[in-house]
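Peer 1: I'll drop the sequence and a predicted model, then ask my questions.
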Amino acid sequence: MSETAVKTGHPKGLWVLFGTEMWERFNFYGMRAILTLFMVNSLMMKEEDASIIYGGFLGLCYLTPMLGGFISDRFFGNRNCILLGGAMMAIGQMMLFFSASVFSTNLGLANTLMWTALGIIVFGNGFFKPNISSMVGSLYPKQEKSKLDTAFTIFYMGINIGAFLGQFICPLIGDVKDSGGIRDVHAFKWGFLAASIAMILGTAIFYFLKNKYVVAPDGKAIGGMPSGNDTSDYEEGESKKAEFSMRSIITALAVFAVVFLIFNYFTEGANVVKTIIYPFIYASGVALATLILLDSTLTKIETQRIWVIYIMSFFIIFFWAAFEQAGSSLTFIADNQTDRNIFGWNMPPSMVQIFNGLFVVMFAFPFSILWDKLRSKNREPLSTVKQSIGLLLIALSYFIIANNVKDLGNSGLLAIKWLILLYLIQTFAELCLSPIGLSLVGKLAPKRFASLAYGVFFISSAAGYALSGTLGSILPATGDKFKKANELGIDLQGVLDKSVTPTTEQLKLLADNQINDHYKIFAGFEIQNLYDFFMVFVVLCGIAALILFLLTPVIKKMMHGVR
């Protein structure tokens, strides 16, 4: 065994990447936990607009890995891109700190700082994310690729330890309410500062330990400049370089334009994130997928394996659209219509998300052991079956909570135990789906696409996050909204049901207090209450799970022996 391996049979480099990713996820998830509440309470945005911006921001964070993967493969290498991305994200978080420091005296400057910060974080994540995932797969020789499921589950546990810490510390110091339930809108800055410090720490870990531990089994450094990459891990007869002709590039650009215009045409509203960024994300995914398939060096087997990645990625969109309600609609529900009292302590609403990270830390190793035992008995489910189970579990989690909010009305409070149960079931779903998807890309993608293939996979997350923003924006008015409207002397239920005609002054009061005066429409259905809202996710994820499961025999053939 190599000297770089530890007793678990995994290289020490895995633990360096584990630590780097852990602090990066602290940074990202800590910021994510308080971001929408900061927009609504400090920057005075509507919940609908905050959800759309949140979805667009996350979508771009998982779209830019396409660019970061390409630059890494062709120019800078994994290591340099990880360091660059880490530095950019630390700077972006610091700008959010400044935004949260000046909003009370200069709201325009605070908004400018926020938009600039989110842009820097988007590109920083694009450089960081695909390259660190790609390096995990590069730590293992060909004969040990069977360990990738376990390795990525361990790696994924690092992600969620970071998520847990970030979702605990950032809300604890950044989402502060007094005994009367009044929020300190000036405290958000401390959460963003903690996120920036975590990113600096993660980048430093990688910088100082990369040369000693992040190496191949033979001791050679991995993730260096592309011209110096080792090609010994390529299969016999496999092309070492992708070939994109000018015709291929023009075709991909044409596909991008057509898809963008189609989505833009069918998108309603004046929000630039919804009408420009969302179509841009969807069009980019389709265009990049087309470009890769136009590579002249692809063999028939490689093409079919890439199609498997695309099929799996498509269904992952529905998973993330449902899962990523955590930072938007579920946070607003936790804030406005949930009894968050735990043993006498009123948990900050943004901290409720912490249960996902906590449960992943608790169950990542048991799931890893489960897959190993099933594999040893030759009974391990195919990746398609695992992902179908994940989607089904997500649908189940929303079905349970839908039935528990059904009779809440406008003033009843949801018991926090139901949100905890939702996060537990969604954690099981996540462990079935997300790390397995990363492993699948490592097994199926031609090595010459390396980080770019992970970029393609992350585009499905980008599309899912964009869809999550759209779905989060249809959240109906929750408890506190009705209470506030009543204080203003407005019958909000009557306004929504159109049994009461509000005056122009009342409409202005509702708008000034970020309260919608109408029900939202999705796919032709009017979302009148939380039950309707949650059932949208039950239907979407349930249908996706069934279709993916039925496609399993076809996908199995296209994988050509890869499990």
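Peer 2: Thanks, I have the structure now. Numbers count the residues shown, from 1 in each chain.
Peer 1: ok now do residue 462, which residues does it touch?
Peer 2: By C-beta atoms under 8 Å, 6 or more residues apart in numbering, residue 462 lies in contact with 58-63, 281, 284-285. Quick note: C-beta positions are derived from backbone N, CA and C, even for glycine.
Peer 1: 10 Å instead?
Peer 2: If you count contacts by C-beta atoms under 10 Å, 6 or more residues apart in numbering, residue 462 has them with 55-56, 58-66, 278, 280-282, 284-285, 317, 320, 455.
Peer 1: what helix or strand does it sit in?
Peer 2: Taking DSSP states H and E as the definition, residue 462 sits inside helix 450-472.
Peer 1: That helix: how far from the chain's middle?
Peer 2: 8 Å (C-alpha atoms, centre = their mean, to the nearest Å).
Peer 1: Model confidence at the residue lying closest to residue 442 once chain neighbours are set aside, what's the number?
Peer 2: Distance criterion C-beta to C-beta, 6 or more residues apart in numbering; nearest residue to residue 442, sequence neighbours excluded, is residue 137 at 3.8 Å. With respect to pLDDT, residue 137 scores 73.
Peer 1: Please report how far residue 137 lies from residue 489.
Peer 2: Here residue 137 is placed at a distance of 61 Å from residue 489 (C-beta to C-beta, to the nearest Å).
Peer 1: Compare those two and say which one has the larger neighbour count.
Peer 2: residue 137 (24 against 8; other C-beta atoms under 10 Å).
Peer 1: What strand or helix carries the more buried one?
Peer 2: Assigned by DSSP H and E, residue 137 falls in helix 107-138.
Peer 1: Give me the helices and strands touching that helix, please.
Peer 2: Under the contact criterion of 3 or more C-beta pairs under 10 Å, 6 or more residues apart in numbering; DSSP states H and E, helix 107-138 touches helix 12-41, helix 47-61, helix 65-71, helix 78-102, helix 148-174, helix 188-213, helix 416-444, helix 450-472.
Peer 1: same for the shortest one, what does it pack against?
Peer 2: I take that to be helix 65-71. Helix 65-71 is packed against helix 78-102, helix 107-138, helix 278-293, helix 450-472, with contacts defined by 3+ C-beta pairs under 10 Å, 6+ apart.
Peer 1: Now do the buried residues in the second one.
Peer 2: What it means is helix 107-138. Buried residues in helix 107-138, counted by 16 or more other C-beta atoms under 10 Å: 110-111, 113-114, 116-118, 120-138.
Peer 1: Now do it and helix 148-174, the angle between them.
Peer 2: With axes from the mean of the first three to the mean of the last three C-alpha atoms, to 10 degrees as the basis, helix 107-138 and helix 148-174 are set at 160 degrees to each other.
Peer 1: For helix 107-138, what is the distance to the chain centroid?
Peer 2: 13 Å.
Peer 1: cool, and the shortest one?
Peer 2: Mean C-alpha position of helix 278-293 versus that of the full chain (C-alpha atoms, centre = their mean) differs by 18 Å.
Peer 1: Quick one: list the elements packing against it.
Peer 2: By 3+ C-beta pairs under 10 Å, 6+ apart, helix 278-293 packs against helix 47-61, helix 65-71, helix 246-265, helix 300-323, helix 450-472.
Peer 1: What residues of it count as buried?
Peer 2: Buried residues in helix 278-293, counted by 16+ other C-beta under 10 Å: 278-292.
Peer 1: out of those residues, what pair is the most spread apart?
Peer 2: Distance extremes for the buried residues of helix 278-293: the farthest pair is 278 and 292 at 22.4 Å, using C-beta to C-beta.
Peer 1: before we move on, back to that, among the helices and strands packed on helix 107-138, which comes closest to residue 376?
Peer 2: Of all these, helix 148-174 sits nearest to residue 376, with 11.8 Å by C-beta to C-beta.
Peer 1: Now do the next helix or strand after that closest one: everything it contacts.
Peer 2: As assigned by DSSP H and E, the chain's next helix or strand after helix 148-174 is strand 176-177. Residues outside strand 176-177 that contact it (C-beta under 10 Å, 6+ apart) are 182-188, 190-191, 335, 340, 346, 348-349.
Peer 1: Which ones among the residues you listed map onto helices?
Peer 2: Those of those mapping onto helices are 188, 190-191, 335, per DSSP state H.
Peer 1: quick one: which of those has the most company?
Peer 2: residue 188 (32 neighbours).
Peer 1: contacting residues for it?
Peer 2: 31, 34-35, 37-39, 41-43, 96-97, 99-101, 103, 170-171, 173-176, 350.
Peer 1: which intervals of this structure have sub-threshold pLDDT?
Peer 2: For the chain, the stretches with pLDDT under 70 are 1-9, 142-147, 149, 227-243, 269-270, 434-436, 438, 449-452, 455, 563.
Peer 1: Go again with 50.
Peer 2: Within the chain, the segments meeting pLDDT under 50 span 1-7, 228-229.
Peer 1: Pull out the buried residues from stretch 415-429.
Peer 2: Across stretch 415-429, burial judged by 16+ other C-beta under 10 Å covers 416, 418-429.
Peer 1: possible to save the residues you listed as TSV with distance to residue 534?
Peer 2: Formatted as TSV, these follow (distance: C-beta to C-beta, whole Å):
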residue	distance to residue 534
416	16
418	11
419	12
420	16
421	13
422	9
423	14
424	16
425	13
426	13
427	18
428	18
429	15
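Peer 1: sorry, back to before: determine which two of the contacts of strand 176-177 are furthest apart.
Peer 2: Largest separation among these by C-beta to C-beta: 186 and 340, giving 21.4 Å.
Peer 1: out of these two, which sits in the busier spot?
Peer 2: Set side by side, residue 186 and residue 340 show more neighbours around residue 340, with 19 against 13, by other C-beta under 10 Å.
Peer 1: Excluding chain neighbours, what is closest to that one?
Peer 2: Distances taken as C-beta to C-beta, 6+ apart place residue 347 nearest to residue 340, at 4.4 Å, with adjacent residues excluded.
Peer 1: What separation do you get for that neighbour and residue 379?
Peer 2: Here residue 347 is placed at a distance of 41 Å from residue 379 (C-beta to C-beta).
Peer 1: higher neighbour count, the two?
Peer 2: Using other C-beta under 10 Å, the more surrounded residue of residue 347 and residue 379 is residue 347, with 17 against 8.
Peer 1: what about residue 526, which SS state?
Peer 2: strand (DSSP: H, G, I helix; E, B strand; the rest coil).
Peer 1: does it have beta-bridge partners, and which?
Peer 2: With DSSP bridges as the criterion, residue 526 is bridged to residue 521.
Peer 1: Next, the contact list for it, please.
Peer 2: 474, 476, 518-520, 532.
Peer 1: Identify the farthest-apart pair in those residues.
Peer 2: 518 and 532 (14.3 Å).
Peer 1: Identify all contacting residues around the helix or strand encompassing residue 484.
Peer 2: Following DSSP H and E, one finds residue 484 within helix 479-487. By C-beta under 10 Å, 6+ apart, the surrounding residues in contact with helix 479-487 are 47, 181, 332-333, 335-338, 408-414, 477, 490-496, 502, 506, 509-510, 513-517, 530.
Peer 1: Keep only those of the residues you listed that are in strands.
Peer 2: 338, 414 (DSSP state E).
Peer 1: In helices, which of the contacts of helix 479-487 appear?
Peer 2: Those of the contacts of helix 479-487 lying in helices (DSSP H): 47, 332-333, 335-336, 492-496, 506, 509-510, 530.
Peer 1: and which of those residues is nearest residue 197?
Peer 2: Checking the ones in helices among the contacts of helix 479-487 against residue 197 with C-beta to C-beta, the nearest one is residue 335 at 25.9 Å.
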